[in-house]
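1. the sequence and its predicted three-dimensional model are supplied below.
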Amino acid sequence: MTNKSPKHFENRLQQLRDSAAARLSETALPGQSAALAGKDKLLHELQIYQIELEMQNEQLRQAHDALAESRDRYLDLYEFSPVGYITLTADGLIYETNLKAATMFDVERKQLILRRFAHLVADHDKDRWHFQLLRMKQSAGGEEQDLDLMFKREDGYSFQTHVNCLRMDDMDAPQMIRLAITDITKLRAAELELRIAAIAFESQEGIMITDVNNVILRVNQAFTTMTGYSAEEALGQNPRMLCSGRQGKEFYAEMWTTLYNTGAWEGEIWNRRKNGVIYPERLTITAVKDAADNTTHYVSTLTDITMSRAASDEIKHLAFYDPLTQLPNRRLLLDRLNQALATSARSRRRGALLFLDLDYFKTLNDTLGHDIGDLLLQQVAERLTACIREGDTVARFGGDEFVMLLEDLSEVSIEAAAQTEVIGNKVLALLNQVFHLAAYEHHCTISIGATLFNGHDAMIDELLKQADIAMYQAKESGRNALSFFDHHMQELINAHVHLEHELRKAIEQQQFELYYQVQVDASGKALGAEVLIRWQHPQRGILLPAEFIPLAEESGLISAIGLWVLDAACAQLQKWQTDAVMRNLTLSVNVSSKQFYKADFVQQVQASVARFDIDPNLLKLELTESMLVEGIDEVAATMEALAETGIRFSLDDFGTGYSSLQYLKILPLYQLKIDQSFVCNIAIDSSDRAIVSTIVAMAQSLDLDVIAEGVETEAQRILLLDKGCTHYQGYLFSKPLPIAAFEDLLQYAPQFIAPIPNSPAAG
């Protein structure tokens, strides 16, 4: 706006006054005197002033109309500009837009408001926009940045644009980002046509022109330098001659789809030089179209990005990885920990953070030097990496401190702690092995502090502090140890460790004993027994399977225990071979899934049968339905191999699972065992009676034997018999007994035609 001086305004007012006086004189009545005095003069002045005001008002109205017209022209320019204007919030939501932008995206303006701008960007450009938005947030206010983006409308139409970005900072308003979007789809095509017309080949980028059938027509010198193929070798060939084989069919299908849909494709690709060397390349392909919009040529520009890729990777590696150990550094660990907390919150599965500190590392550095200390840190990093599972993280936090991040642990605290303990003990064992540091042998110990997390219950800093405190607790307890931050959890873990130690001792000292529960037929005749393990604990007395079998499964000791049970059962069958009453009895042995899936399980069973020289038909292996959920081919092969030697299989707890029905016809089963949960209420629950009838009928149709477990009353036995089940096991006949009591039972009561008094106990 031009500043006006006071003198200017005085002159303008005088002009208005003179004009008003002139207009008044033109309307004066004939004979009216020009010389006025008194009231007439005052009236004359008022008339002049009135005319003057009317003239000012008229000029104001004209100025107002001009301003309104100017505003309308501005709005027209804004709304119908060839440029789409969009204002974003700092979070990337559309706050305001003009009609041109709405037209570009073929949607009503109100449908764009508060929509996330990234949803409009084509999939292959979303990452570019994401990083641009981050740069805008970090840039100085008022600084403009530009980039090209491909957009895809809801009707599938894609168009290329140039986007000018400007961050607008206002202390009295939220931060905003203004976008000016210019559709450059036609411009891009025109530029490419211009390049062809000008034969702008000899640039530093490789250029290749192909016809619509993808036959190479022209290449430039940069192409030859980059690929090693001369123009004579390339002409007439297909660009497939550069293919490295690293991209699959899906990659090229997507590339050509984009090229067909948009007329251009840009991205990174791996190509192969004439000498066989594979290198990364930035490739841009643009379709050249004629006036009828038919593709006539493809122009490709190729840029060797080996050096820039290497530099970028090196910068990224330096930013997120420790240069000495190549482990993730503190920055990357904190990022992954933040992601782990979010994942834990969604899945409800727990995670663990372990803080590890080398014992007496400073002494090593002071005595042997930092070079030897660095060697130790590198070897420690290698061993720690060998201890973690896929998906977990081990990072160097600084100095001799390392951190482990364990994810996807159990939802149950004690189980998650036990899983953490397994990995922690593995670390302790592996780091206790001798280190070879140049000419020195070094024995290293480590103190580990652990804390569990579940979602966002604790902040990152708090978790790190907890793990650090637990690590110092480990040092105070004597070093070379694992300590949990939660004192109650630590007590449970200690008890867990103690019980596992005792269980290992029990295996070494054979503190186990087999109990036998008789199995009978409809007449009460004993057919055999199921063997059930008991632990004769030196201090706690007899322990039932539920008190130690889960621990044996978790610790991997179940295979050794299962092998002992198998050998003990075979040894008992051997002893009965000379007893007229017992020689035809079968023994059922429970097999765990971990034992069954061991590679040498078949050989173990066959070796045990051969070692004790027993009739394999007298040995039944009881499997559970849960074992059949996965790997049915492997299960079938194992069962077939043993069935060929005469060993029979019983499917335990039948009816409680969900997967075995489809496998009944393909697995070499001998017997189905009706679960006691269906037997206990058979006398009062019609649904249980129907289930039992169905199982029996199914077994009979498949020519399978069927036995009911958990039979405790005569009424249950009669109902089972009525449904067609003729084999039973349960407290109606006998509780599980030690071998001497079991043999006495069969000697003096060979026919179980009436209930034998006893009180229920776990079996």
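-> Right, received. Where do you want to start?

2. ranges for the strands of the stretch 601-750 of the chain?
-> Using DSSP state E, counting those that start in this stretch, the strands of the stretch 601-750 of the chain run over 619-624, 648-654, 671-674, 705-709, 727-729, 737-738.

3. point out the other helices and strands that the fourth one packs with.
-> Using 3 or more Cβ pairs under 8 Å, 6 or more residues apart in numbering; DSSP states H and E, the elements in contact with strand 705-709 are strand 671-674, helix 676-679, helix 686-701, strand 727-729. (Glycine included, C-beta is placed from N, CA and C.)

4. out of the ones you listed, which is closest to Glu254?
-> Ranking those by proximity to Glu254 (Cβ to Cβ) places helix 686-701 first, at 50.7 Å.

5. output the strands of the stretch 601-750 of the chain in a markdown table; the columns should cover mean pLDDT, mean neighbour count and distance to Thr185.
-> A markdown table is the format used below for the strands of the stretch 601-750 of the chain (pLDDT from 0 to 100; neighbours: other Cβ atoms under 10 Å; distance: least, Cβ to Cβ, whole Å):
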| stretch | mean pLDDT | mean neighbour count | distance to Thr185 |
| --- | --- | --- | --- |
| strand 619-624 | 94 | 22 | 64 |
| strand 648-654 | 89 | 22 | 67 |
| strand 671-674 | 93 | 25 | 70 |
| strand 705-709 | 95 | 24 | 74 |
| strand 727-729 | 96 | 24 | 79 |
| strand 737-738 | 96 | 16 | 87 |
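
6. quick one: which of these is nearest His498?
-> strand 737-738 (27.3 Å).

7. ok so, going back, wait, which of the helices and strands packed on strand 705-709 is closest to Asn329?
-> helix 676-679 (54.3 Å).

8. quick revisit: any chance of the helices and strands packed on strand 705-709 in JSON lines, plus distance to Val520?
-> Shown next, in JSON lines, are the helices and strands packed on strand 705-709 (distance: least, Cβ to Cβ, whole Å):
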{"stretch": "strand 671-674", "distance to Val520": "14"}
{"stretch": "helix 676-679", "distance to Val520": "14"}
{"stretch": "helix 686-701", "distance to Val520": "17"}
{"stretch": "strand 727-729", "distance to Val520": "6"}
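
9. among the ones you listed, which is nearest Tyr440?
-> Closest of the helices and strands packed on strand 705-709 to Tyr440 is strand 671-674, at 61.7 Å (criterion: Cβ to Cβ).

10. follow-up on the earlier one: may I see the strands of the stretch 601-750 of the chain arranged in CSV, with distance to Pro82 as well?
-> Converted to CSV, the strands of the stretch 601-750 of the chain look like this (distance: least, Cβ to Cβ, whole Å):
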stretch, distance to Pro82
strand 619-624, 73
strand 648-654, 75
strand 671-674, 78
strand 705-709, 83
strand 727-729, 87
strand 737-738, 95
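
11. hang on, the earlier thing: do you know which of the helices and strands packed on strand 705-709 lies nearest Tyr157?
-> Closest to Tyr157 of those, according to Cβ to Cβ: helix 686-701, at 59.4 Å.

12. show me what counts as buried in the closest one.
-> 688-689, 691-693, 695-696, 698-699 (16 or more other Cβ atoms under 10 Å).

13. so which of those residues comes closest to Leu217?
-> Closest approach between these and Leu217, by Cβ to Cβ: Met698, at 72.4 Å.

14. confirm for me that that closest one is in contact with Gly655.
-> No - taking contacts as Cβ atoms under 8 Å, Met698 lies outside contact range of Gly655: 10.0 Å.

15. which residues does the nearest residue to Leu406 once chain neighbours are set aside bridge with?
-> Distances taken as Cβ to Cβ, 6 or more residues apart in numbering put Ala352 closest to Leu406, at 4.3 Å, once the chain neighbours are dropped. Assessed by DSSP bridges, Ala352 has beta-bridge partners Leu406, Leu452.

16. Ala352: neighbour count?
-> Applying other Cβ atoms under 10 Å, we find 25 residues neighbouring Ala352.

17. which one of the helices and strands packed on strand 705-709 lies nearest to Met104?
-> Among the helices and strands packed on strand 705-709, helix 686-701 comes nearest to Met104, with 64.4 Å by Cβ to Cβ.

18. which residues does Gly455 contact?
-> 341, 344-345, 348 (Cβ atoms under 8 Å, 6 or more residues apart in numbering).

19. now, those residues that are in helices?
-> Counting by DSSP state H, the part of the contacts of Gly455 found in helices is 341, 344-345.

20. strands paired with the helix or strand hosting Gln160, and their directions?
-> Under the criterion of DSSP states H and E, Gln160 resides in strand 158-170. Using DSSP bridges, strand 158-170 pairs in its sheet with strand 144-152 (antiparallel), strand 173-183 (antiparallel).

21. dump these into a markdown table; add mean pLDDT and mean neighbour count as well.
-> What follows is the strands paired with strand 158-170, written out as a markdown table (pLDDT from 0 to 100; neighbours: other Cβ atoms under 10 Å):
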| stretch | mean pLDDT | mean neighbour count |
| --- | --- | --- |
| strand 144-152 | 92 | 17 |
| strand 173-183 | 88 | 17 |
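
22. looking at those, which is closest to Leu551?
-> Nearest to Leu551, of those and by Cβ to Cβ, is strand 144-152 at 56.8 Å.

23. hmm, who's touching that closest one?
-> Strand 144-152 is contacted by residues 104-105, 120-125, 128-129, 132, 135-136, 139, 158-166, 184, 262 when judged by Cβ under 8 Å, 6+ apart.

24. again with stretch 679-699
-> For stretch 679-699, using Cβ under 8 Å, 6+ apart, the contacting residues are 654-655, 664, 672, 674, 678, 704-706, 708-713, 715-716, 719-720, 723-725, 730.

25. what's the burial count for Asp123?
-> Other residues lying near Asp123 total 10 when counted by other Cβ under 10 Å.

26. what does the one 4 residues further on give?
-> Asp127 is surrounded by 11 other residues when neighbours are defined as other Cβ under 10 Å.
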